[in-house]
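> Everything below, folded, please.
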Amino acid sequence: MGLKEGLEADVAEIFRNAWTERDGTVVPKPEDLKLGNDAVKLDGVVLYADMSESTRLVDSETASFAAEVYKSYLVCAARIVKAEGGVITGYDGDRIMAVFIGNSKNSSAATAGLKINYAAQRIVNPALAKQYPNKTYRLQHVVGIDTSSLFVARIGVRNDNDLVWVGRAANYASKLCAINEQDTVFITKAVFDMLNESVKYGGNPKELMWEPRLWTGMNNISIYRSTWTWMP
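So this is what the prediction gives:
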């Protein structure tokens with residue numbers, strides 16, 4: 001069978017076959033699902049943490065310096081996510097995707113976002129400035145968080161595959177990272193409404209850490225933003 005005929009057969013089979021679906025209680029790994037129409041459904045919170053202006057970074061700096069910035073940001077984000085109970089589901093260049101489940105998933109994800117904001121501003125940038133005092137570059141980033149039902153399937157081919165996360169949370173969290181407001185954590189109203197009081201209010205005296213906004217790029221839906229930091 002030629003490549004064209006093989007592709008036609010694969011696509012026809014995908015559209016023809018019924019799905020096997022089950023409710024999940026843990027964040028699945030690729031090996032937990034079959035390559036066919038097999039899916040896990042779960043309620044989850046998706047977090048994306050994304051470096052800003054990475055194209056300018058790689059265009060203006062050496063590859064080794066850019067890699068050091070990437071590694072510093074992503075190791076902080078990954079360790080914070082895991083410390084808050086999240087599961088890292090992918091790295092994509094200069095950003096990380098994570099999923100949180102459980103009763104406190106919204107608060108855990110929001111806390112992780114604020115802690116990543118702290119790490120970027122108060123750990124990575126000071127270390128960068130100390131090591132490279134003559135460089136003007138400073139790391140900036142955005143975190144996006146949303147919650148929804150997720151439909152998780154395994155995609156790809158044998159020996160070269162991964163999971164696809166189908167659901168609003170994965171799309172919205174990713175798109176929130178594209179809002180051009182640096183060192184900011186964005187959450188949807190659905191996330192905000194489920195936050196514990198300790199993640200809504202901070203400081204002494206207590207004040208709301210989240211500013212309501214309209215997301216003009218998405219039909220003016222309600223979102224919240226925060227530039228607060230939370231020490232890991």
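
> packing partners for whichever strand or helix holds N125?
Element membership for N125, per DSSP states H and E: helix 125-131. On a contact count with 3 or more C-beta pairs under 8 Å, 6 or more residues apart in numbering; DSSP states H and E, helix 125-131 meets helix 63-83. For every residue, glycine as well, the C-beta is placed using N, CA and C.

> Who does the helix or strand that comes right after the helix it packs on pair with, and is each partner parallel or antiparallel?
As assigned by DSSP H and E, the chain's next helix or strand after helix 63-83 is strand 87-92. Under the criterion DSSP bridges, strand 87-92 sits next to strand 95-100 (antiparallel) in its sheet.

> from the middle of its chain, how far away would the partner strand be?
4 Å (C-alpha atoms, centre = their mean, to the nearest Å).

> Okay, and the beta partners of the residue sitting nearest the centre point of the chain?
Taking C-alpha atoms, centre = their mean as the criterion, Y48 is the residue nearest the geometric centre of the chain, at 1.6 Å. Y48 forms beta bridges with M97, G144, as assigned by DSSP bridges.

> Is it correct that S198 falls within a helix?
Yes - according to DSSP: H, G, I helix; E, B strand; the rest coil, S198 belongs to a helix.

> burial measure for it, as a count.
10 (other C-beta atoms under 10 Å).

> From K41, how far off is it?
S198 is 30 Å from K41, where distance means C-beta to C-beta, to the nearest Å.

> Same check on L150?
Taken as C-beta to C-beta, the span from L150 to K41 is 7 Å.

> The two: which is more packed in?
L150 (24 against 15).
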